[in-house]
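Engineer: Dropping the sequence and predicted coords here.
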Amino acid sequence: MKPLLMLFCQALFGLCGQLLINSLLFAFPFVLFSKISTRKKISARTERVEEIMEEPSVLDLPELVLESILGRLSPAGLCNMAAVCSSMRDRCRSDHLWERHMKDKWGKVIGEAAFREWQYYVTARKSLGVLDDGRSKGWMGSLSCLWPLSWLRSKIDGGGGRLKNSLPVDSIKSWYLSLENGKFWFPAQVYNREHGHVGFMLSCYDAELSYDCHTDTFHARYPPHGRRTIVIEEGVQWERLRAPPVDTPAHDLHISDCLNDLQPGDHVEIQWRRNKEFPYGWWYGIVGHVESCDGNEYNCRCHVNDTVILEFNQYTPGSRWRRAAINRKEHREEGNEADGFYGGIRKLQSKEEISTWKRLWPNEVLE
(Lines give C-alpha, C1' and ligand atoms only; values in the text may rest on other atoms or scores of the structure.)
Protein backbone atom coordinates (compact mmCIF):
# COMPACT_ATOMS: atom_id res chain seq x y z
CA MET A 1 0.00 0.00 0.00
CA LYS A 2 2.74 2.40 0.79
CA PRO A 3 4.43 2.17 -2.62
CA LEU A 4 1.09 2.75 -4.37
CA LEU A 5 0.31 5.75 -2.12
CA MET A 6 3.69 7.29 -2.85
CA LEU A 7 3.21 6.85 -6.63
CA PHE A 8 -0.25 8.45 -6.41
CA CYS A 9 1.11 11.46 -4.52
CA GLN A 10 3.95 11.90 -6.96
CA ALA A 11 1.50 11.84 -9.91
CA LEU A 12 -0.82 14.32 -8.17
CA PHE A 13 2.00 16.72 -7.35
CA GLY A 14 3.30 16.43 -10.91
CA LEU A 15 -0.14 17.22 -12.35
CA CYS A 16 -0.58 20.26 -10.11
CA GLY A 17 2.87 21.53 -10.99
CA GLN A 18 2.18 21.22 -14.70
CA LEU A 19 -1.10 23.04 -14.37
CA LEU A 20 0.68 25.87 -12.47
CA ILE A 21 3.37 26.14 -15.12
CA ASN A 22 0.79 26.20 -17.95
CA SER A 23 -1.23 28.95 -16.21
CA LEU A 24 1.89 31.05 -15.70
CA LEU A 25 2.92 30.60 -19.32
CA PHE A 26 -0.58 31.58 -20.44
CA ALA A 27 -0.78 34.71 -18.22
CA PHE A 28 2.74 35.99 -18.75
CA PRO A 29 2.13 37.67 -22.17
CA PHE A 30 -0.83 39.62 -20.75
CA VAL A 31 1.15 40.73 -17.73
CA LEU A 32 4.05 41.73 -19.92
CA PHE A 33 1.75 43.61 -22.33
CA SER A 34 0.03 45.38 -19.43
CA LYS A 35 3.35 46.54 -18.02
CA ILE A 36 4.53 47.74 -21.41
CA SER A 37 1.19 49.52 -22.03
CA THR A 38 1.34 51.22 -18.61
CA ARG A 39 4.86 52.38 -19.29
CA LYS A 40 3.79 53.74 -22.66
CA LYS A 41 0.86 55.62 -21.06
CA ILE A 42 3.08 57.11 -18.37
CA SER A 43 5.62 58.07 -21.01
CA ALA A 44 2.88 59.64 -23.21
CA ARG A 45 1.51 61.61 -20.29
CA THR A 46 4.95 62.84 -19.39
CA GLU A 47 5.56 63.94 -22.95
CA ARG A 48 2.15 65.64 -23.05
CA VAL A 49 2.89 67.56 -19.84
CA GLU A 50 6.22 68.62 -21.27
CA GLU A 51 4.53 69.73 -24.49
CA ILE A 52 1.96 71.76 -22.52
CA MET A 53 4.66 73.37 -20.44
CA GLU A 54 6.55 74.27 -23.58
CA GLU A 55 3.51 75.84 -25.37
CA PRO A 56 3.96 79.61 -25.87
CA SER A 57 1.79 82.15 -24.00
CA VAL A 58 -0.21 84.86 -25.73
CA LEU A 59 2.00 87.31 -23.87
CA ASP A 60 4.97 85.95 -25.83
CA LEU A 61 3.53 87.42 -29.03
CA PRO A 62 5.21 90.53 -30.48
CA GLU A 63 3.76 93.74 -29.09
CA LEU A 64 2.27 94.90 -32.38
CA VAL A 65 0.64 91.50 -33.02
CA LEU A 66 -0.91 91.42 -29.54
CA GLU A 67 -2.21 94.99 -29.87
CA SER A 68 -3.70 94.11 -33.26
CA ILE A 69 -5.51 91.10 -31.78
CA LEU A 70 -6.89 93.10 -28.84
CA GLY A 71 -7.95 95.89 -31.18
CA ARG A 72 -10.16 93.45 -33.08
CA LEU A 73 -11.98 92.11 -30.03
CA SER A 74 -15.54 93.10 -29.19
CA PRO A 75 -16.31 94.72 -25.81
CA ALA A 76 -17.37 91.32 -24.45
CA GLY A 77 -14.18 89.79 -25.87
CA LEU A 78 -12.02 92.41 -24.17
CA CYS A 79 -13.79 91.77 -20.86
CA ASN A 80 -13.25 88.02 -21.20
CA MET A 81 -9.60 88.49 -22.15
CA ALA A 82 -9.12 90.78 -19.14
CA ALA A 83 -9.99 87.83 -16.88
CA VAL A 84 -7.00 85.77 -18.09
CA CYS A 85 -4.33 87.40 -15.94
CA SER A 86 -3.35 90.71 -14.37
CA SER A 87 -1.19 91.68 -17.33
CA MET A 88 -4.05 91.15 -19.79
CA ARG A 89 -6.43 92.95 -17.42
CA ASP A 90 -4.29 96.07 -17.53
CA ARG A 91 -3.98 95.90 -21.30
CA CYS A 92 -7.68 95.30 -21.94
CA ARG A 93 -8.82 98.32 -19.95
CA SER A 94 -6.62 100.73 -21.94
CA ASP A 95 -8.53 103.79 -23.18
CA HIS A 96 -7.27 103.48 -26.76
CA LEU A 97 -8.93 100.05 -27.09
CA TRP A 98 -12.29 101.36 -25.88
CA GLU A 99 -12.32 104.64 -27.82
CA ARG A 100 -13.30 102.83 -31.02
CA HIS A 101 -16.14 100.95 -29.30
CA MET A 102 -17.41 104.19 -27.77
CA LYS A 103 -17.39 105.90 -31.16
CA ASP A 104 -18.95 102.97 -33.04
CA LYS A 105 -21.85 102.39 -30.67
CA TRP A 106 -22.39 105.68 -28.88
CA GLY A 107 -20.86 108.31 -31.16
CA LYS A 108 -24.16 109.44 -32.71
CA VAL A 109 -25.94 110.00 -29.40
CA ILE A 110 -23.11 111.21 -27.14
CA GLY A 111 -22.24 114.89 -27.45
CA GLU A 112 -20.48 117.59 -25.47
CA ALA A 113 -23.33 117.82 -22.96
CA ALA A 114 -23.14 114.10 -22.25
CA PHE A 115 -19.37 114.30 -21.82
CA ARG A 116 -19.73 117.12 -19.29
CA GLU A 117 -22.39 115.15 -17.44
CA TRP A 118 -20.02 112.18 -17.30
CA GLN A 119 -17.29 114.40 -15.83
CA TYR A 120 -19.69 115.53 -13.09
CA TYR A 121 -20.61 111.88 -12.50
CA VAL A 122 -16.95 110.85 -12.23
CA THR A 123 -16.24 113.67 -9.79
CA ALA A 124 -19.15 112.60 -7.61
CA ARG A 125 -18.00 108.97 -7.68
CA LYS A 126 -14.47 109.90 -6.73
CA SER A 127 -15.71 111.99 -3.83
CA LEU A 128 -17.45 108.85 -2.52
CA GLY A 129 -14.27 106.78 -2.88
CA VAL A 130 -13.14 104.58 -5.76
CA LEU A 131 -14.02 101.36 -3.95
CA ASP A 132 -17.20 102.29 -2.12
CA ASP A 133 -19.97 99.69 -1.93
CA GLY A 134 -22.21 101.60 -4.30
CA ARG A 135 -19.55 101.45 -6.96
CA SER A 136 -19.09 97.74 -6.49
CA LYS A 137 -22.79 97.20 -6.98
CA GLY A 138 -22.68 99.39 -10.03
CA TRP A 139 -19.90 97.24 -11.42
CA MET A 140 -22.02 94.18 -10.90
CA GLY A 141 -24.80 95.76 -12.89
CA SER A 142 -22.47 97.04 -15.59
CA LEU A 143 -20.83 93.71 -16.25
CA SER A 144 -23.98 91.61 -15.90
CA CYS A 145 -24.84 92.41 -19.52
CA LEU A 146 -21.54 90.85 -20.59
CA TRP A 147 -20.70 88.16 -18.00
CA PRO A 148 -22.78 85.75 -15.89
CA LEU A 149 -23.41 86.95 -12.34
CA SER A 150 -22.01 83.68 -10.99
CA TRP A 151 -18.67 84.51 -12.61
CA LEU A 152 -18.74 88.01 -11.18
CA ARG A 153 -19.47 86.80 -7.67
CA SER A 154 -16.44 84.50 -7.86
CA LYS A 155 -14.27 87.57 -8.45
CA ILE A 156 -15.46 89.38 -5.31
CA ASP A 157 -13.50 89.21 -2.06
CA GLY A 158 -15.18 87.05 0.53
CA GLY A 159 -15.75 89.58 3.32
CA GLY A 160 -15.94 93.04 1.81
CA GLY A 161 -18.10 92.48 -1.27
CA ARG A 162 -15.76 94.58 -3.44
CA LEU A 163 -14.21 93.70 -6.76
CA LYS A 164 -10.54 92.88 -6.85
CA ASN A 165 -8.41 95.22 -8.93
CA SER A 166 -11.33 97.58 -9.44
CA LEU A 167 -11.59 99.53 -12.69
CA PRO A 168 -10.74 103.26 -12.53
CA VAL A 169 -14.01 105.17 -12.51
CA ASP A 170 -12.74 107.74 -15.03
CA SER A 171 -11.65 105.23 -17.70
CA ILE A 172 -13.39 104.98 -21.06
CA LYS A 173 -14.17 101.34 -20.32
CA SER A 174 -15.98 102.40 -17.16
CA TRP A 175 -17.94 104.98 -19.15
CA TYR A 176 -18.84 102.42 -21.82
CA LEU A 177 -20.07 99.89 -19.27
CA SER A 178 -22.00 102.53 -17.33
CA LEU A 179 -23.80 103.44 -20.54
CA GLU A 180 -24.28 99.79 -21.45
CA ASN A 181 -26.12 98.84 -18.28
CA GLY A 182 -28.18 102.05 -18.09
CA LYS A 183 -26.70 103.23 -14.82
CA PHE A 184 -25.59 106.53 -16.35
CA TRP A 185 -28.38 108.82 -17.60
CA PHE A 186 -27.01 111.10 -20.30
CA PRO A 187 -28.46 114.15 -22.09
CA ALA A 188 -29.46 113.79 -25.73
CA GLN A 189 -32.38 114.73 -27.98
CA VAL A 190 -35.39 112.66 -29.05
CA TYR A 191 -37.26 113.02 -32.34
CA ASN A 192 -41.08 112.93 -32.22
CA ARG A 193 -41.21 112.61 -28.43
CA GLU A 194 -43.79 110.62 -26.48
CA HIS A 195 -44.18 107.88 -29.07
CA GLY A 196 -44.76 110.27 -31.96
CA HIS A 197 -47.54 112.24 -30.28
CA VAL A 198 -49.24 114.44 -32.87
CA GLY A 199 -48.38 117.55 -30.87
CA PHE A 200 -44.65 116.85 -31.28
CA MET A 201 -44.50 115.58 -34.84
CA LEU A 202 -41.30 116.61 -36.67
CA SER A 203 -39.72 118.06 -33.56
CA CYS A 204 -36.71 117.14 -31.44
CA TYR A 205 -36.61 117.72 -27.67
CA ASP A 206 -33.98 117.47 -24.97
CA ALA A 207 -34.21 114.50 -22.62
CA GLU A 208 -32.14 112.33 -20.32
CA LEU A 209 -31.58 108.83 -21.70
CA SER A 210 -30.89 105.48 -20.07
CA TYR A 211 -30.04 102.42 -22.17
CA ASP A 212 -31.76 99.05 -21.74
CA CYS A 213 -29.33 96.37 -22.97
CA HIS A 214 -32.04 93.68 -22.88
CA THR A 215 -34.28 95.41 -25.44
CA ASP A 216 -31.64 97.56 -27.17
CA THR A 217 -33.86 100.61 -26.59
CA PHE A 218 -33.85 103.62 -24.26
CA HIS A 219 -35.85 105.18 -21.47
CA ALA A 220 -36.32 108.92 -22.10
CA ARG A 221 -36.93 111.27 -19.18
CA TYR A 222 -38.29 114.68 -20.20
CA PRO A 223 -37.90 117.58 -17.75
CA PRO A 224 -41.00 119.06 -16.07
CA HIS A 225 -42.45 122.28 -17.42
CA GLY A 226 -45.50 124.33 -16.54
CA ARG A 227 -47.93 122.09 -14.72
CA ARG A 228 -46.53 118.92 -16.26
CA THR A 229 -44.40 116.62 -14.12
CA ILE A 230 -41.53 114.53 -15.41
CA VAL A 231 -42.58 112.40 -18.39
CA ILE A 232 -40.85 109.06 -18.98
CA GLU A 233 -41.09 107.35 -22.34
CA GLU A 234 -39.96 103.74 -22.74
CA GLY A 235 -38.86 101.80 -25.81
CA VAL A 236 -37.21 104.71 -27.64
CA GLN A 237 -35.37 103.36 -30.70
CA TRP A 238 -31.84 104.36 -31.71
CA GLU A 239 -33.04 106.03 -34.91
CA ARG A 240 -35.08 108.54 -32.86
CA LEU A 241 -32.03 109.84 -30.98
CA ARG A 242 -29.27 112.29 -31.70
CA ALA A 243 -26.56 114.20 -29.88
CA PRO A 244 -27.50 117.89 -29.53
CA PRO A 245 -26.13 119.64 -32.67
CA VAL A 246 -25.58 122.91 -30.78
CA ASP A 247 -24.52 123.52 -27.20
CA THR A 248 -27.60 125.53 -26.20
CA PRO A 249 -29.62 124.58 -23.09
CA ALA A 250 -33.30 123.84 -23.68
CA HIS A 251 -34.49 127.04 -21.95
CA ASP A 252 -31.98 129.36 -23.64
CA LEU A 253 -32.36 131.20 -26.92
CA HIS A 254 -29.99 129.97 -29.61
CA ILE A 255 -28.02 132.77 -31.24
CA SER A 256 -28.68 132.45 -34.96
CA ASP A 257 -25.68 132.92 -37.23
CA CYS A 258 -27.27 131.95 -40.54
CA LEU A 259 -30.02 134.56 -41.01
CA ASN A 260 -28.23 136.49 -43.75
CA ASP A 261 -27.65 133.29 -45.74
CA LEU A 262 -31.20 131.96 -45.73
CA GLN A 263 -33.00 131.66 -49.05
CA PRO A 264 -35.99 129.71 -50.39
CA GLY A 265 -35.47 125.97 -50.37
CA ASP A 266 -33.09 125.89 -47.41
CA HIS A 267 -33.78 123.28 -44.77
CA VAL A 268 -33.78 124.64 -41.23
CA GLU A 269 -34.54 123.86 -37.61
CA ILE A 270 -36.09 126.54 -35.42
CA GLN A 271 -36.64 126.66 -31.69
CA TRP A 272 -40.27 126.75 -30.62
CA ARG A 273 -42.00 126.59 -27.26
CA ARG A 274 -45.61 126.82 -26.20
CA ASN A 275 -45.04 129.51 -23.57
CA LYS A 276 -42.23 131.08 -21.60
CA GLU A 277 -42.26 128.31 -18.98
CA PHE A 278 -41.73 125.54 -21.52
CA PRO A 279 -38.33 124.39 -22.83
CA TYR A 280 -37.57 124.88 -26.50
CA GLY A 281 -37.85 122.06 -28.98
CA TRP A 282 -36.25 122.06 -32.44
CA TRP A 283 -38.77 121.97 -35.28
CA TYR A 284 -38.07 121.12 -38.90
CA GLY A 285 -39.07 123.55 -41.66
CA ILE A 286 -38.15 124.90 -45.10
CA VAL A 287 -37.54 128.51 -46.12
CA GLY A 288 -40.34 129.64 -48.43
CA HIS A 289 -41.13 132.67 -50.61
CA VAL A 290 -42.66 135.91 -49.39
CA GLU A 291 -46.21 136.76 -50.51
CA SER A 292 -45.07 139.17 -53.21
CA CYS A 293 -42.75 136.59 -54.88
CA ASP A 294 -44.07 134.37 -57.66
CA GLY A 295 -41.44 131.73 -56.98
CA ASN A 296 -39.61 132.24 -60.27
CA GLU A 297 -35.94 131.61 -59.54
CA TYR A 298 -34.81 134.30 -62.02
CA ASN A 299 -37.00 137.01 -60.46
CA CYS A 300 -36.89 135.90 -56.82
CA ARG A 301 -35.48 138.45 -54.38
CA CYS A 302 -36.49 136.67 -51.20
CA HIS A 303 -32.88 136.15 -50.15
CA VAL A 304 -32.42 139.93 -49.69
CA ASN A 305 -35.82 140.59 -48.14
CA ASP A 306 -35.84 141.47 -44.44
CA THR A 307 -38.66 138.98 -43.89
CA VAL A 308 -37.93 135.26 -43.91
CA ILE A 309 -40.85 132.90 -44.45
CA LEU A 310 -40.67 129.50 -42.79
CA GLU A 311 -42.95 126.71 -44.00
CA PHE A 312 -43.92 123.65 -41.99
CA ASN A 313 -45.41 121.49 -44.71
CA GLN A 314 -46.44 118.68 -42.39
CA TYR A 315 -49.50 120.85 -41.64
CA THR A 316 -52.39 121.39 -44.01
CA PRO A 317 -52.55 124.61 -46.08
CA GLY A 318 -54.42 127.25 -44.09
CA SER A 319 -53.36 125.83 -40.72
CA ARG A 320 -52.04 128.46 -38.33
CA TRP A 321 -48.96 126.26 -37.90
CA ARG A 322 -48.24 126.08 -41.62
CA ARG A 323 -46.23 129.30 -42.01
CA ALA A 324 -44.29 131.71 -39.82
CA ALA A 325 -42.46 134.95 -40.58
CA ILE A 326 -39.35 136.24 -38.83
CA ASN A 327 -37.23 139.35 -39.22
CA ARG A 328 -33.88 138.61 -40.80
CA LYS A 329 -32.06 141.55 -39.20
CA GLU A 330 -33.65 141.87 -35.79
CA HIS A 331 -34.76 138.36 -34.99
CA ARG A 332 -34.74 137.37 -31.34
CA GLU A 333 -37.72 135.50 -29.89
CA GLU A 334 -41.01 136.18 -31.66
CA GLY A 335 -44.54 134.99 -30.94
CA ASN A 336 -47.38 135.10 -28.44
CA GLU A 337 -49.21 132.93 -25.92
CA ALA A 338 -51.70 131.76 -28.57
CA ASP A 339 -49.28 130.62 -31.29
CA GLY A 340 -46.19 129.96 -29.21
CA PHE A 341 -42.74 131.52 -29.39
CA TYR A 342 -40.17 131.05 -32.16
CA GLY A 343 -36.53 131.20 -31.14
CA GLY A 344 -33.16 130.68 -32.79
CA ILE A 345 -32.61 129.13 -36.21
CA ARG A 346 -29.95 126.80 -37.53
CA LYS A 347 -29.50 125.99 -41.19
CA LEU A 348 -29.10 122.30 -42.02
CA GLN A 349 -25.93 121.68 -44.00
CA SER A 350 -25.77 117.91 -43.76
CA LYS A 351 -27.66 115.62 -46.15
CA GLU A 352 -27.83 113.08 -43.34
CA GLU A 353 -29.71 115.51 -41.09
CA ILE A 354 -32.18 116.36 -43.87
CA SER A 355 -32.76 112.70 -44.73
CA THR A 356 -33.43 111.93 -41.06
CA TRP A 357 -36.24 114.51 -40.94
CA LYS A 358 -37.71 113.18 -44.21
CA ARG A 359 -37.64 109.64 -42.83
CA LEU A 360 -39.66 110.83 -39.83
CA TRP A 361 -42.28 112.54 -41.98
CA PRO A 362 -45.83 111.71 -40.79
CA ASN A 363 -47.98 109.39 -42.89
CA GLU A 364 -50.86 111.88 -42.84
CA VAL A 365 -50.93 115.68 -43.09
CA LEU A 366 -51.46 117.29 -39.70
CA GLU A 367 -54.23 119.75 -38.89
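Structural biologist: Now that the structure is in, tell me what you want to look at. Residues are numbered from 1 along each chain as shown.

Engineer: For this structure, just list every one of the strands.
Structural biologist: 186-191, 203-212, 217-222, 231-236, 241-242, 267-273, 281-288, 307-311, 323-327, 334-336, 340-347 (DSSP state E).

Engineer: which one of the ones you listed lies closest to I69?
Structural biologist: strand 203-212 (28.1 Å; CB to CB). Using the backbone N, CA and C atoms, a C-beta is placed for each residue, glycine as well.

Engineer: follow-up on the earlier one: can I get the strands of the chain in JSON lines with mean neighbour count and distance to V169?
Structural biologist: Output for these, formatted as JSON lines (neighbours: other CB atoms under 10 Å; distance: least, CB to CB, whole Å):
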{"stretch": "strand 186-191", "mean neighbour count": "24", "distance to V169": "16"}
{"stretch": "strand 203-212", "mean neighbour count": "21", "distance to V169": "18"}
{"stretch": "strand 217-222", "mean neighbour count": "20", "distance to V169": "23"}
{"stretch": "strand 231-236", "mean neighbour count": "16", "distance to V169": "27"}
{"stretch": "strand 241-242", "mean neighbour count": "18", "distance to V169": "25"}
{"stretch": "strand 267-273", "mean neighbour count": "21", "distance to V169": "36"}
{"stretch": "strand 281-288", "mean neighbour count": "23", "distance to V169": "33"}
{"stretch": "strand 307-311", "mean neighbour count": "19", "distance to V169": "46"}
{"stretch": "strand 323-327", "mean neighbour count": "17", "distance to V169": "46"}
{"stretch": "strand 334-336", "mean neighbour count": "13", "distance to V169": "45"}
{"stretch": "strand 340-347", "mean neighbour count": "20", "distance to V169": "35"}
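
Engineer: Return the helix or strand in this protein with minimum mean pLDDT.
Structural biologist: The helix or strand of the chain with the lowest confidence, counting by mean pLDDT, DSSP states H and E, is helix 149-154 at a mean of 37.

Engineer: Turn the strands of the chain into TSV, columns for distance to E99 and mean pLDDT.
Structural biologist: Supplementary listing: the strands of the chain in TSV, determined by distance: least, CB to CB, whole Å; pLDDT from 0 to 100:
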stretch	distance to E99	mean pLDDT
strand 186-191	17	97
strand 203-212	19	96
strand 217-222	22	96
strand 231-236	26	94
strand 241-242	21	97
strand 267-273	30	96
strand 281-288	29	97
strand 307-311	40	95
strand 323-327	42	93
strand 334-336	43	90
strand 340-347	28	96
